[in-house]
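> whatever this is, show me its structure:
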Amino acid sequence: NGRGFIDISTDDRNGGVVGVETTSKEGGEFVTLSKAGYSLRTAVEEVSVLSRNTKGVEIMDLNSDDELSKLALFE
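Residues are numbered from 1 along each chain as shown. Predicted structure coming up:
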């Protein structure tokens, strides 16, 4: 209806959005992959749930010269 939602506010602290997936809280897992080749597998239920228009939660701690490149969800 011509109205949008701001799901995440981006700035220097959290950078740009790399990927977005919709899932239920139960049973799923996701894998994040950095450009340097580091990967992290996490259960969806381990991620804090926040209201809309937040700055997000930290999932993967990266070196200053590395970037997150992929996000994959497994139900």
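
> low pLDDT regions in this protein?
1-2, 5-7, 51-54 (pLDDT under 70).

> strands of that one, start to end?
In the chain, the strands defined using DSSP state E lie at 29-34, 39-43, 68-74.

> in CSV: those strands, plus distance to residue 12 and mean neighbour count.
C-beta here means a position set from N, CA and C on the backbone, and glycine is covered the same way. Shown next, in CSV, are these (distance: least, Cβ to Cβ, whole Å; neighbours: other Cβ atoms under 10 Å):
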stretch, distance to residue 12, mean neighbour count
strand 29-34, 19, 16
strand 39-43, 23, 12
strand 68-74, 15, 14
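
> possible to save the ones you listed as TSV with distance to residue 62?
Listed next are the strands of the chain as TSV, based on distance: least, Cβ to Cβ, whole Å:
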stretch	distance to residue 62
strand 29-34	6
strand 39-43	10
strand 68-74	7
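
> of all these, which lies closest to residue 19?
Residue 19 sits nearest to strand 68-74 of all those, at 3.5 Å, using Cβ to Cβ.

> and that closest one with strand 39-43, angle?
40 degrees (axes from the mean of the first three to the mean of the last three Cα atoms, to 10 degrees).

> helices or strands up against strand 68-74?
Contact here means 3 or more Cβ pairs under 8 Å, 6 or more residues apart in numbering; DSSP states H and E; on that basis strand 68-74 packs against strand 29-34.

> got the CA coordinates for the strand it packs on in CSV?
Extracted C-alpha coordinates of strand 29-34, given in CSV (Å, rounded to 0.1, in the frame of the first residue of the first chain):
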residue,chain,number,x,y,z
GLU,A,29,20.4,-23.3,11.3
PHE,A,30,22.3,-20.9,9.2
VAL,A,31,25.9,-20.7,7.9
THR,A,32,27.8,-17.5,7.4
LEU,A,33,30.9,-17.3,5.2
SER,A,34,33.5,-14.6,5.0
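
> in its sheet, what does that strand sit against?
strand 39-43 (antiparallel), strand 68-74 (antiparallel) (DSSP bridges).

> that older thread, residue 22: which of the strands of the chain is closest?
So among the strands of the chain, strand 68-74 is nearest, using Cβ to Cβ, at 8.5 Å.
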